[in-house]
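Asks: Model the following, please.
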Amino acid sequence: MPRSQARVATDRPHRYARQLAAHLGRRVRTDWDEAAAEGHLVFPDGTGTLVATEGALLLTVEAPADRLARLEDVVGRHLVRFGARDELVVAWHRDTGEPGTSQRHTGDPATEPPAGTPPAGPRA
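Replies: Model (predicted):
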């Protein structure tokens, strides 16, 4: 299954990973292991991992090729929203060599969906 990865520079990788797992856990199956600093996301159409390392949060999503961009968007958009003050940027890199999507906080409420807005397409 195609895979996409992102390394998000942050001074608070554990905090953001826990928050992302808890938030997404309202809609999909998630877990967070504090001791291992690792979490898992199970979507209806793919999976994801969160790994908190020194100075960065490592994200991975796996899904069928036609669903990969959607999972990149769901995970990246929620993380960027939580990290708006820190101006987090998520730039995905696919193992197929294709460019992935990217998410960043624009600061423009007109282009940012409100917190809790479901993503387009099937709920994640």
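Asks: Show the end-to-end separation of stretch 31-48, please.
Replies: Taking CA to CA, to the nearest Å, stretch 31-48 runs 11 Å from one end to the other.
Asks: Go through that stretch and flag the buried ones.
Replies: For stretch 31-48, a neighbour-count test (16 or more other CB atoms under 10 Å) marks W32, A37, E38, G39, L41, F43, G46, T47, G48 as buried. Every residue, glycine included, has its C-beta placed from N, CA and C.
Asks: From the rest of the structure, what touches it?
Replies: 1, 13-14, 17-18, 20-22, 24, 28-30, 49-53, 59-64, 67-68, 70-71, 74-75, 122, 124 (CB atoms under 8 Å, 6 or more residues apart in numbering).
Asks: Could you identify the buried members of the residues you listed?
Replies: 13, 17-18, 20-21, 24, 28, 30, 49-52, 59-63, 67-68, 70-71, 74-75, 124.
Asks: which residues of the chain fall in strands?
Replies: With strands called from DSSP state E, the chain shows them at 3-9, 29-33, 38-43, 46-53, 56-62, 89-94, 99-104.
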